[in-house]
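>>> Fold the following.
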Amino acid sequence: MGRFARNLMARASGGSAAVSRLWPTRADRLIIAPHDLRTADATRAAEIYAGRFVFAGKIVTCHGRSIFDLEPPSEDWEVSLLGFGWLRHLRAADTALTRANARALIDDWISNAAQKRPIARRADVLARRVISLLSQAPLVLSDTDGKFYRRYLRGLTREIRQLRYAMIDMSDGVPRLQVVIALCYASLCLANQAKHIRSASKKLSDELHRQILPDGGHISRNPGALIELLIDLLPLRQTFAARNIAPPPALLNAIDRMMPMLRFFRHGDGSIALFNGMSGTPSDLLATLLAYDDTHGTPMASMPHTGFQRLDAGTTTVIMDTGAPPPASVSHEAHAGCLSFELSSGQSRIVANCGMPSTGRDNWRAFARSTAAHSTLTYHDTSSCQFVELSAMKRFLQGAPVVSGPTHVEAYREEVANGALLTTSHDGYVPRFGVVHRRVLLLSHDGSRVDGEDTVGPASGARIKGHDTDYALRFHLHPSVKASRLSDGRGVMLVLPNRDVWTFEALDDKVELEDSVFLAGNDGPRRTAQIVIRQDSRHAGSIRWSFVRSTASATTTNARRNARREPELPL
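So this is what the prediction gives:
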């Protein structure tokens, strides 16, 4: 419908005439350049000058040709090139040579036919390019003549026009918010834009109210969205102040809510928990963002609007997904990981979800979104969420949103004699199998053990459907953990990088140690292991298990494990 409306406008107005009316106010100069918080590497400037463009793990060498005329090796590479974020590396070098190189590349782009590529005109790429051209304007316009200045300004204004035009047909969620942010930047940085400042601020406020939930989470339930948005929202707040214009209250409130939420997802090693499309933690960006956090308080325990719970005791942290899938329009990256959790001890991560790679996502997307890629229970090798599968429908919807999944997720926490107790359940398997998954976690007061029980049982007033009643309980281990299956087949010894020893036990069930993959590594997917317990709900409807930190050495843990007494879960 969006594409139909866009084409109809173009035909009714004679093509490009429709675009020109979207930016009627004269913009004859740049007033201010926003600050870019992204980390810059001056050594990259020499590579770019030599014609080597390294993005998303791919290298393209120009050999004297225009980089915009070459065939991109991947979509991720092309997105990075056409977003122009690499200009910050040239600015970091800050030499006459890099300034001239930046002007030559931008001049090449302004006159290049590659502007008509589909990726170049995609709304999120356009937004990134507009922000980059605004923030790196001091690099490009320093020591230049009036002729290039006017040409640069005309090219920038054309990009902004296209960006407003692209809003008619664009994806919901982070891309839409990024476009509104870019338009806010444009109205603040260009002269004679008072009317657009008001309208852009209003649109920004509306989107922030809609997309940032009361607890600070993003509507997509992806922790990575917080990083992507805050890295632009913080400089935007500064840009309003630099223009002596009061920032919209919605902007200030959103930042104040998002900062605690970002800390909520952090493990002891500083990495972000892997839920709903989160890939490797960009440590440089995270450190920059946290430097703007004035509270520095303890992360909150519950995020009920976004649907997550956090348990902390001693140096042990458990972060658990206790929410339903996001709305379909923002679920293109959502995962079927309801009731999955991640466990860390100090600076060592123990249990994780597989996550999503930062590049080459299409190759792993189907697996990464499945329930089997998460540390939770999978019933009959089926995900708790169903996604659009038809190729034609994926192309039409520009992705594969969630079409069904848990609608009722319960999470109740309380302090009991043994520690912090979290009782949860979801109904994602009720429509197909008539069963409810219930999970209970108990974190001891000193953080030395995590006890759990997973139960599969018929929904209230229903019967289990079908004859296939098998299920599997999975705990994906972080690649830094060395796992050894115990001789009795009922447990696994886990040695952490700091030589601490934890033991996983399930005394009533056979435990397997199988291959897995950690997709969210900063250096790409890495091989790892997973603890797997398989059962049949007709014969054994529940599995009890525990992670216990041992005070003994790795060599004596196996001998002492039988002497430990299992605490009773207060169910």
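>>> Break down the stretch 301-450 of the chain into its helices, ranges please.
361-369, 391-397, 430-433 (DSSP state H, counting those that start in this stretch).
>>> Excluding chain neighbours, give the residue nearest to Arg538 in space.
The shortest distance from Arg538 to any non-neighbouring residue, by CB to CB, 6 or more residues apart in numbering, is to Thr469 (4.9 Å). All C-beta atoms are positioned from the backbone trio N, CA, C, and that covers glycine.
>>> so Ala42 touches Thr95, yeah?
No. If you go by CB atoms under 8 Å, Ala42 and Thr95 don't touch, sitting 9.2 Å apart.
>>> So for the two, which residue has more residues nearby?
Ala42 (15 against 12; other CB atoms under 10 Å).
>>> Could you measure from Ser271 over to Arg549?
Ser271 is 20 Å from Arg549, where distance means CB to CB, to the nearest Å.
>>> And Glu415, by the same measure?
In terms of CB to CB, Glu415 sits 21 Å off from Arg549.
>>> neighbour count winner among the two?
Arg549 (21 against 9).
>>> Doesn't that one lie inside a strand?
Yes. Arg549 forms part of a strand when assessed by DSSP: H, G, I helix; E, B strand; the rest coil.
>>> What's opposite it in the beta bridge?
Trp502 (DSSP bridges).
>>> Could you do Arg439 as well?
Thr424, Asp454.
>>> ok, it - contacts?
Going by CB atoms under 8 Å, 6 or more residues apart in numbering, Arg439 touches 339, 376-377, 424-425, 452-455.
>>> how about a cut-off of 7 Å?
339, 424, 452, 454 (CB atoms under 7 Å, 6 or more residues apart in numbering).
>>> My understanding was that the last one contacts Leu377; is that so?
What it means is Asp454. Yes. Judged on CB atoms under 7 Å, Asp454 makes contact with Leu377 at a distance of 5.0 Å.
>>> Could you name every residue contacting both of those two?
With CB under 7 Å, 6+ apart as the test, Asp454 and Leu377 both reach Leu473.
>>> who has more neighbours, the two?
Ranked by neighbour count (other CB under 10 Å), Asp454 and Leu377 place Leu377 first, with 25 against 21.
>>> And that one, how close does it get to Gly51?
52 Å.
>>> Could you report the pLDDT at the residue nearest to Thr239 when sequence neighbours are not counted?
With CB to CB, 6+ apart as the criterion, Thr239 has its nearest non-adjacent residue at 4.6 Å, and that residue is Pro34. Pro34 is assigned a predicted lDDT (pLDDT) of 92.
>>> Tell me the secondary structure of Pro34, please.
Pro34 is classified as coil under three-state DSSP.
>>> who touches it in this structure?
134-135, 185, 189, 235-236, 239.
>>> make it 6 Å
135, 185, 235, 239 (CB atoms under 6 Å, 6 or more residues apart in numbering).
>>> and the gap between the second one and Arg432?
From Tyr185 over to Arg432 the distance is 47 Å, taken as CB to CB.
>>> So which of these two has more stuff around it?
Taking neighbours as other CB under 10 Å, Tyr185 and Arg432 compare with Tyr185 leading, 25 against 15.
>>> give me the element the more buried one is part of.
helix 174-189 (DSSP states H and E).
>>> Keeping just the C-alphas, turn that helix into PDB.
The C-alpha coordinates for helix 174-189 follow below in PDB (Å, rounded to 0.1, in the frame of the first residue of the first chain):
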ATOM      1  CA  VAL A 174      14.100   1.500  14.400                       C
ATOM      2  CA  PRO A 175      14.400   2.500  10.700                       C
ATOM      3  CA  ARG A 176      11.400   4.800  11.000                       C
ATOM      4  CA  LEU A 177      12.700   6.400  14.200                       C
ATOM      5  CA  GLN A 178      16.200   6.900  12.500                       C
ATOM      6  CA  VAL A 179      14.500   8.700   9.600                       C
ATOM      7  CA  VAL A 180      12.700  11.100  12.000                       C
ATOM      8  CA  ILE A 181      16.000  11.600  13.900                       C
ATOM      9  CA  ALA A 182      17.800  12.400  10.600                       C
ATOM     10  CA  LEU A 183      15.100  14.900   9.700                       C
ATOM     11  CA  CYS A 184      15.400  16.600  13.100                       C
ATOM     12  CA  TYR A 185      19.200  16.900  12.500                       C
ATOM     13  CA  ALA A 186      18.600  18.400   9.100                       C
ATOM     14  CA  SER A 187      16.100  21.000  10.400                       C
ATOM     15  CA  LEU A 188      18.500  22.100  13.200                       C
ATOM     16  CA  CYS A 189      21.700  22.200  11.100                       C
END
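>>> between whichever helix or strand comes after that helix and helix 174-189, how many degrees?
Beyond helix 174-189 on the C-terminal side, the first helix or strand identified by DSSP H and E is helix 194-211. If you take axes from the mean of the first three to the mean of the last three CA atoms, to 10 degrees, helix 194-211 sits at 150 degrees to helix 174-189.
>>> ok, and for helix 194-211, which residues are buried?
196-197, 200-201, 203-205, 207-208, 211 (16 or more other CB atoms under 10 Å).
>>> Output those in TSV; the columns should cover pLDDT and distance to Tyr165.
What follows is these, written out as TSV (pLDDT from 0 to 100; distance: CB to CB, whole Å):
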residue	pLDDT	distance to Tyr165
His196	88	15
Ile197	91	20
Ala200	93	15
Ser201	95	20
Lys203	94	15
Leu204	96	19
Ser205	96	22
Glu207	95	18
Leu208	97	23
Gln211	96	22
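>>> Spit out the contact partners of Ala274.
For the record, residue 274 is Leu, not Ala. Counting by CB under 6 Å, 6+ apart, Leu274 has contacts 352-353, 355, 520.
>>> Format those residues as JSON lines; extra columns: distance to Asn101, neighbour count and pLDDT.
JSON lines is the format used below for the contacts of Leu274 (distance: CB to CB, whole Å; neighbours: other CB atoms under 10 Å; pLDDT from 0 to 100):
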{"residue": "Ala352", "distance to Asn101": "42", "neighbour count": "29", "pLDDT": "96"}
{"residue": "Asn353", "distance to Asn101": "42", "neighbour count": "26", "pLDDT": "96"}
{"residue": "Gly355", "distance to Asn101": "36", "neighbour count": "31", "pLDDT": "93"}
{"residue": "Ala520", "distance to Asn101": "34", "neighbour count": "25", "pLDDT": "91"}
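>>> Now, those residues that are in strands?
Assignment to strands by DSSP state E places none of the contacts of Leu274 there.
>>> Lovely, talk soon.
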